[in-house]
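Trainee: this one's structure only:
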């Protein structure tokens, strides 16, 4: 939007030669393909990132999330996978630097276990969050924009799923399906998590659908699919990304809980499995000696969810119209100066 | 339809009565609508349960048949079917629609089949467990919201103060702790290590059920840790939401008008700020009910609290499908009822609710 204003400003300010029809005028700014990509990237990625970055919570949250990401990618290469009896059993943390986080009852280093459980966790979170958000956006926008019978049907369907308590439903589905693949586990965990988000997105769409530019598109006969993808979703993007992060947090809560209960098959290393073993192994609850075995996976889980919550809270600023305006002005300025330089 | 719109002043009582009538009609319509939706949801859940028991290949029914044949190889097919029917309430040989009707009538008459593990009627087990779950969960939800609203409103009033910053940080940290992690920590430290609270059970063993002080004190003593783990980890996030709502309302013009009119601060705080700031929290309550009730499966297992969630977990561990599906059905129906009740009170909080007609594209 900002550059159309810009172009108009230029043509208004310029001196058009009198014998030239205005329809023949070609824009005097030539944008290369790279420029266009750069601009798209700037408006959709860098500017929101900069706005979020100006918030301290978002910086801390992003830092924590990056740490876990590195743990799941670089960490697995650097740290050896844990092996039974690689060290003494029940070593306390921060005593022997070969096993910085101590060892468990069968002599496995806890640090190795934590780090090698990260990739399946990240896969699970990723697939669950993508599935939830994708389905929620699809159903929320269609039902909010279309209205009428479509809306009523979709809303009733969403409401029913919304009322069914998530955890018992997930448990029943997990018991019947016994999913093993982390991607599939992520999807099973969000089997009805999308309903709440779909409802929220629908109410956001309800306010957008009456906007003039949406009405203009409708009158021009642009198909619904394009109105939704080009007019509605870009405007909801900040809202969607905040909820994407929050969904990630919910997936962690649900998955670790189910692994902790021992309902999902112990096929992949997982922080919840670690908690389960520490909690259920005989007599470990009656002594302080084994406390680290239980507490270290807990701290790992809390750390990642704290990171995601902080990131989501910080990203909430993308909604703040004042912060947004300031930064989009910055873009407009940069653009203008970039334009004059290329000329 | 607006409540006491300016237009109604000075119009004859006839019209005012008509307005009243219209209001009552919309309200009945609304209530009927909600009742219909609740019944429909309950119906959908029963159907879903039936579908999961019956249709999934390798699902509960096939598993039970396999188990029976494995344990009693000389059983005839008919005998196996009879036993299965007594457990899950469905005759596996009947056509699918007949099974469905059989199951529906079973559920409607309170017959949920027979538990394989406890060798007792599922409805008896659940009827004994349900009040305890409802007690713990309603207490948790009530306390959590009470605390969230009070703390959130105070934070909103004192925006930017040390109290606000400290509570925000604490709220975020508490929210990032899963409730079952808090539960494990509480039972580990306060229960097993220090022995301050019981590590299991739902009432003191030497008391008699009834309206006497030791029994009621015992109930609260045993429920304290489960309730604490939900409330502590849950209220922070909602308090932060409430803080945001209060700040938004505090900046509204009508609040300035109210102050200029010289209304007492208490009235402003309760009727102007409180009421408008709580409104958006209502949807959160509706979603929160399902979340908290669903969490009972993990929570009651950790505290060995014999509620519906505990039995559901026991049923899963022992592959007791009739009990598992019965518990699932009852937890879900409890949530449907709770949401229905909460939903009915919505128009008391928000008089604008309902009556939206939008153009469809």
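Mentor: Yep, that arrived. All of these numbers come straight from a predicted model, not from anything done at the bench.

Trainee: so what's the residue in chain A that chain B sits nearest to scoring on pLDDT?
Mentor: Here chain A gets closest to chain B at one residue, residue A:148, 2.6 Å apart by Cβ to the nearest Cβ. All C-beta atoms are positioned from the backbone trio N, CA, C, and that covers glycine. Here, the pLDDT recorded for residue A:148 equals 82.

Trainee: now it: how far from residue A:185?
Mentor: Residue A:148 sits 37 Å away from residue A:185, going by Cβ to Cβ, to the nearest Å.

Trainee: what's the closest residue to chain A within the stretch 201-350 of chain B in contact with, if anything?
Mentor: Nearest residue of the stretch 201-350 of chain B to chain A: residue B:294, at 3.2 Å (Cβ to the nearest Cβ). With contacts defined as Cβ atoms under 8 Å, 6 or more residues apart in numbering or on different chains, residue B:294 is in contact with A:165-169, B:331, B:335.

Trainee: more neighbours, residue A:148 and residue A:185?
Mentor: Taking neighbours as other Cβ atoms under 10 Å in any protein chain shown, residue A:148 and residue A:185 compare with residue A:185 leading, 29 against 12.

Trainee: Hmm, residue A:186 is touching residue A:126, no?
Mentor: Yes: counting by Cβ atoms under 8 Å, residue A:186 touches residue A:126, with 6.9 Å between them.

Trainee: what about the stretch 251-361 of chain B, any weak spots by pLDDT?
Mentor: When the per-residue scores of the stretch 251-361 of chain B are filtered using pLDDT under 70, the ranges that remain are B:347-361.

Trainee: Those residues of it touching chain A, which are they?
Mentor: For the stretch 251-361 of chain B, the residues found near chain A under the criterion Cβ under 8 Å from any Cβ of the partner chain are B:283, B:286-287, B:290-291, B:293-295, B:297-298, B:301, B:309, B:312-313, B:316-317, B:324-325, B:327-328, B:331-332, B:335-336, B:339, B:358-361.

Trainee: could you flag which of those are buried?
Mentor: Under a neighbour-count criterion of 16 or more other Cβ atoms under 10 Å in any protein chain shown, the subset of those counted as buried comprises B:286-287, B:290-291, B:293-295, B:297-298, B:301, B:309, B:312-313, B:316, B:324-325, B:327-328, B:331-332, B:335-336, B:339.

Trainee: circling back: starting at the chain centroid, how far to the helix or strand harbouring the residue of the stretch 201-350 of chain B closest to chain A?
Mentor: Residue B:294 is part of helix B:281-302 when elements are defined by DSSP states H and E. Distance of helix B:281-302 from the chain centroid (Cα atoms, centre = their mean, to the nearest Å) equals 5 Å.

Trainee: same thing with stretch A:178-193?
Mentor: Between the centre of stretch A:178-193 and the centre of its chain there are 17 Å (Cα atoms, centre = their mean).

Trainee: If we ignore the residues flanking it in sequence, what's nearest residue 310?
Mentor: Just so you know, I chose chain A. Closest residue to residue A:310 in three dimensions, ignoring its sequence neighbours and counting by Cβ to Cβ, 6 or more residues apart in numbering or on different chains: residue A:61, at 3.1 Å.

Trainee: To clarify, I was referring to chain B.
Mentor: Nearest-residue entry for residue B:310: residue B:300, 3.9 Å, with adjacent residues in sequence omitted and distances by Cβ to Cβ, 6+ apart.

Trainee: Pull the number of nearby residues for residue A:181.
Mentor: A total of 15 residues lie near residue A:181 under the criterion other Cβ under 10 Å.

Trainee: Check residue A:86 too.
Mentor: When neighbours are counted by other Cβ under 10 Å, residue A:86 comes out with 16.

Trainee: returning to what we had before: quick check, the residue nearest to residue B:310 in contact with residue B:293.
Mentor: No: taking Cβ under 8 Å as the definition, residue B:300 is not a contact partner of residue B:293, at 11.0 Å.

Trainee: any common contacting residues for those two?
Mentor: Residues touching both residue B:300 and residue B:293 (Cβ under 8 Å, 6+ apart) are residue B:133.

Trainee: roughly how far apart are the one residue in the stretch 101-250 of chain B that gets nearest to chain A and residue A:278?
Mentor: Proximity of the stretch 101-250 of chain B to chain A (Cβ to the nearest Cβ) peaks at residue B:176, 3.8 Å away. For residue B:176, the distance to residue A:278 equals 20 Å [Cβ to Cβ].

Trainee: If you average the pLDDT over the longest helix anywhere in chain B, what comes out?
Mentor: Secondary structure of chain B read by DSSP state H shows that its longest helix is helix B:13-54. Taken as a whole, helix B:13-54 has a mean pLDDT of 78.

Trainee: do it and chain A meet?
Mentor: Yes: using Cβ under 8 Å from any Cβ, a contact is recorded between helix B:13-54 and chain A, made by B:37, B:40-41, B:44-45, B:48, B:52.

Trainee: Same list, these, but as CSV with neighbour count and distance to residue A:264 please.
Mentor: What follows is those, written out as CSV (neighbours: other Cβ atoms under 10 Å in any protein chain shown; distance: Cβ to Cβ, whole Å):
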residue, neighbour count, distance to residue A:264
B:37, 18, 33
B:40, 14, 32
B:41, 23, 27
B:44, 18, 26
B:45, 22, 23
B:48, 18, 21
B:52, 20, 17
